[in-house]
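> A structural model of the following input is requested.
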Amino acid sequence: EELVLLKVQVAKLHYGEGVDIMEVETKYRALFRDQLDEDGLPVGYAVFREYMIEVLDDLDRDPRAQEMIAEQLTVEARVARIVLEMPSATGVPSGSLRPGNAQNPHWLQSPDAEPPVRPKLARLAHPGSKTRAARGGA
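Predicted coordinates for the structure are as follows:
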């Protein structure tokens, strides 16, 4: 559910408040249950990594492009999380106002809390590809 909540916020950031929230929730809930965990539970790093590699391979086979795409997705998720943590007009974090969301996901309760899965992006590229550090970059 945390990923679905983030995807809804990302859609709002991209398309504005007029986005069809139910459509976004339905699409990503089905996708994540099909690809990650059928019960919608958090997954471990290995499962998430395998999923991300598949997504990145479908988008672009170039490891450098994959790194940039993964970084962009991470930035979008971070911005969405920040927006969800911002007080709304009612003084309550906007993420807690979602229908059916009686309480915030545990990682939204504190600005210092971390989400349950935090992949290391440099390792998401194709197995065997060189990371920026291994290529001699910063």
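
> And the helices in this structure, which stretches?
2-15, 21-35, 45-59, 63-85 (DSSP state H).

> deepest of these, which one?
helix 2-15 (a mean of 19; mean count of other C-beta atoms under 10 Å). C-betas here are computed from N, CA, C, even on glycine.

> what's near enough to touch the nearest residue to residue 29 once chain neighbours are set aside?
Distance criterion C-beta to C-beta, 6 or more residues apart in numbering; nearest residue to residue 29, sequence neighbours excluded, is residue 4 at 5.2 Å. Residues in contact with residue 4 (C-beta atoms under 8 Å, 6 or more residues apart in numbering) are 25, 28-29, 32.

> export these to TSV and tack on pLDDT and distance to residue 62?
Converted to TSV, the contacts of residue 4 look like this (pLDDT from 0 to 100; distance: C-beta to C-beta, whole Å):
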residue	pLDDT	distance to residue 62
25	95	32
28	93	26
29	94	31
32	92	26
